[in-house]
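*Asks:* fold the following, please.
(2 chains)
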Amino acid sequence: MALVSDKPPAPRATARTAARGGKPTPYWLLLPGILWLLVFFAAPLVYQASTSVQTGSLEEGFQVTWHFATYWDALTEYYPQFLRSVAYAATATALCLALGYPLAYLIAFKAGRWRNVLMILVIAPFFTSFLIRTLAWKTILSDGGPVVSALASLHVLDVTNAFGVTEGHRVLATPLAVVCGLTYNFLPFMILPLYTSLERIDVRLHEAAGDLYARPLTTFRKVTFPLSMPGVVAGTLLTFIPATGDYINAELLGSTDQKMIGNVIQSQFLRVLDYPTAAALSFILMAAILAMVTVYIRKSGTEDLV
Amino acid sequence: MTATAPTDSSSGTDVRLTAISKSYGAFTAVHPLELSVPAGSFFALLGASGCGKTTTLRMIAGLEQPTTGTVELAGKDVTALPPHKRPVNTVFQSYALFPHLDIYENVAFGLRRRGIKSVKKQVGDMLDLVQLGDYARRKPHQLSGGQQQRVAVARALINHPQVLLLDEPLGALDLKLRRQMQLELKRIQTEVGITFIHVTHDQEEAMTMADTVAVMNAGRVEQLGAPADLYETPRTTFVANFLGTSNLITAEVLDTSGETLVLRASDTKLALPRVRCTTAPRAGGKLLVGIRPEKITLTHADDAGTIPEGRNRVHGRITGSSFIGVSTQYLVDSPVATGLSVYEQNIERDSRLMPGADVVLHWNPGHSFGLDAAQSIEAGTDAGEGT
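*Replies:* The predicted model follows:
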């Protein structure tokens, strides 16, 4: 200790500036992250990119022939599944927002000491696997089961039939089942960011708005909702992106008429073994999601909030 | 509704609280109290934290429902009205500016909610009044504390409320800025003529700004009056100690026959005009004699003969002194009380007045006040020091 305190302060200060400006210590700290990205993100991406422009067959082997026509062929053949994926994911996201916002609002502002209990309940489904939960829905919605019978006797199915999202006395193997499965599975991803951004809002802002002649509904429209926009954007992205690429819900709860693009990619990779088409579809999906997300973030004007 | 809607300073009373109280379960934050605030006045609710002053303010704003009693604004009972239907506006302690709106929209918020379309001129005028015209398009977080505070005032005042409520609006500012804003707020109040109700724990702030001060303690109003009256004639030991500093001496009442009471503390006889006594004195009973430190003169014991007749005299010994600049503060122990505080102006300093010196404290009996001895002599001392 004596040695340290005997030294004049100036050299220590210069040593510190040198460390900040010249020494590479901070960059070493980035290394694990960069390595992780290289091995698990960049490398597979490059590998898939090269696969997508290969031609050949499993028996003769695949060669890179820069055959970009695969992209066009994949798009023309599977565009219905693309559109369906976007439509299902968008509907599920809208439903998640409609269900999740009031719940997140309740937990953030009205739950009091029940707040933590309710948050645990929101996260509780994660304690079981995604697959098991979706399989459970298959049982719940099974033909002639109590849920379907109840829905039929309450004439709910008549309404959904009229909208064309169910058929006859079935819920399983209809668009309704797939969208409900998506909504159920991704709801926590909507609620968590919504809760986080709502919980951060100072309740005195609500009082201030009321004090300045805003009715409760106006307070929500002009103060609460704008301030929760970061949560809305984050929640919709966290729901929409994985829902678009999801295949388990369509696989377990839908029929061939409800196949989403995830199902196509999965079967191309694992059953048809047409790797170039599967890789090309993955890239198209990625590009489409990136484009939609970019437009969405620009439109919602929250670049600086996300 | 026109822009200049609810201002009505012609009537006598703006705010009348009748038997108003607030309880949270078993805890009573505000005991039933009556309060009338004259129109156009600058009214301060002064007290330590937790005394119920903010709760009282929030009941006027409608942010808190009173447990009992009624709130009247300009003769109209508004007790049942929600905040957005009351003609009052609040400047919140933390300002509560809307972080997603710029200064212009923050100030225009109240006008827009009342459906006023052309707000440009009014907002411009209001921003000029608080000297923030160039900041209209900034966001609140880009402004300093003092500027945010002025935005909060502008945002409330633009609505021409019947009453402007200020909840410790200067609490977050540093001392220099606070002094500046006190004068600024006083100027604005004089300019717009709206009734201000100002909640503060800073006694100096309350006395500088307000026409009338209500001193609150433990959910009750201890005393209400003009700052000078409260200071010169406190009616309770709490007010005597909370507003400035008081020396309180326990004395026995010897004679109540004349206009001047004769008291005895230890072996010292003290005089006190009957009119300066806020309690009915009884011969043989006890009384607290209060005297402010700056009203006492110190004379060295050797010069005791020069003290004019008719002044109360107390012998003592200096135990401590500190030089403040404009004055020197002495602590004096005497048989009548220990730790008496004396402030002497630094005009002609007597170099003999050092710790250990024997002195005579003397004052004009008319400058002292008499209080009921049944109350705690310490009340309000801790609370007053925090400011």
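
*Asks:* residues in chain A within reach of chain B, list them.
*Replies:* Remark: the part of chain A in contact with chain B comprises A:202, A:204-205, A:207-215, A:218, A:222-223, A:226-227, using CB under 8 Å from any CB of the partner chain. Where you see a C-beta, it was placed from the backbone N, CA and C, and this is true even at glycine.

*Asks:* buried subset of the residues you listed as a ChimeraX selection?
*Replies:* In ChimeraX, a selection of the buried entries from those looks like this (16 or more other CB atoms under 10 Å in any protein chain shown):
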select /A:204,205,207,208,209,210,211,212,213,214,218,222,223,226,227
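
*Asks:* now, the residues of chain A next to chain B that are in helices?
*Replies:* Of the residues of chain A next to chain B, the ones assigned to helices by DSSP state H are A:204-205, A:207-211, A:218, A:226-227.

*Asks:* of all those, which comes closest to residue B:163?
*Replies:* When these are ranked by distance to residue B:163 (CB to CB), residue A:211 comes first, at 11.8 Å.

*Asks:* isn't the closest one up against residue B:63?
*Replies:* Yes. At 7.2 Å, residue A:211 counts as touching residue B:63 under the criterion of CB atoms under 8 Å.

*Asks:* overlap in contacts, these two.
*Replies:* Both residue A:211 and residue B:63 are in contact with B:83, B:90, where contact means CB atoms under 8 Å, 6 or more residues apart in numbering or on different chains.

*Asks:* the residue lying farthest from the centre of chain B and chain A, how far apart?
*Replies:* Using CA atoms, centre = their mean, the residue of chain B lying farthest from its centre is residue B:302. It sits 40.9 Å away. From residue B:302 across to chain A, the span is 55 Å (CB to the nearest CB, to the nearest Å).

*Asks:* how does chain A divide into domains?
*Replies:* Domain assignment for chain A, taken from automatic domain parsing, gives A:2-52, A:74-300.

*Asks:* that older thread, got the ones in helices among the residues of chain A next to chain B as TSV, with distance to residue B:134 and pLDDT columns?
*Replies:* As requested, those are exported to TSV (distance: CB to CB, whole Å; pLDDT from 0 to 100):
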residue	distance to residue B:134	pLDDT
A:204	27	93
A:205	25	95
A:207	29	94
A:208	24	96
A:209	26	96
A:210	30	95
A:211	27	95
A:218	30	95
A:226	25	93
A:227	26	93
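
*Asks:* next, format those residues as TSV and append distance to residue A:294.
*Replies:* Listed next are these as TSV, based on distance: CB to CB, whole Å:
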residue	distance to residue A:294
A:204	36
A:205	31
A:207	38
A:208	35
A:209	33
A:210	38
A:211	40
A:218	32
A:226	22
A:227	24
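
*Asks:* for these, work out which two are farthest apart.
*Replies:* Farthest pair in those, by CB to CB: A:211 and A:226, 18.1 Å.

*Asks:* residue A:275 touches residue A:57, doesn't it?
*Replies:* No. Between residue A:275 and residue A:57 there is no contact under CB under 8 Å: 10.0 Å.

*Asks:* low pLDDT regions in the chain?
*Replies:* Going with chain A. In the predicted model, chain A carries pLDDT under 70 at residues A:1-22, A:302-306.

*Asks:* hmm, no, I was thinking of chain B.
*Replies:* For chain B, applying pLDDT under 70 flags the ranges B:1-11, B:382-387.

*Asks:* buried ones in the lengthiest helix in it?
*Replies:* Looking across chain B with DSSP H, the single longest helix is helix B:175-192. Within helix B:175-192, the residues scored as buried using 16+ other CB under 10 Å are B:177-178, B:181-182, B:184-185, B:188-189, B:192.

*Asks:* could you find the closest non-adjacent residue to residue B:133?
*Replies:* If the residues on either side of it in the chain are set aside, residue B:133 comes closest to residue B:127, at 4.9 Å by CB to CB, 6 or more residues apart in numbering or on different chains.

*Asks:* now do the contacts for that neighbour.
*Replies:* By CB under 8 Å, 6+ apart, the residues touching residue B:127 are B:103-104, B:107, B:133, B:135-136, B:154.

*Asks:* quick one, which of these are buried?
*Replies:* Judged by 16+ other CB under 10 Å, buried ones among those: B:103-104, B:107, B:135-136, B:154.

*Asks:* and stretch A:64-79, how far out from the chain's middle?
*Replies:* Between the centre of stretch A:64-79 and the centre of its chain there are 26 Å (CA atoms, centre = their mean, to the nearest Å).

*Asks:* likewise stretch B:186-198?
*Replies:* 16 Å.

*Asks:* is chain A contacted by it?
*Replies:* No. If you take CB under 8 Å from any CB as the test, stretch B:186-198 misses chain A, and the best it gets is 13.6 Å.
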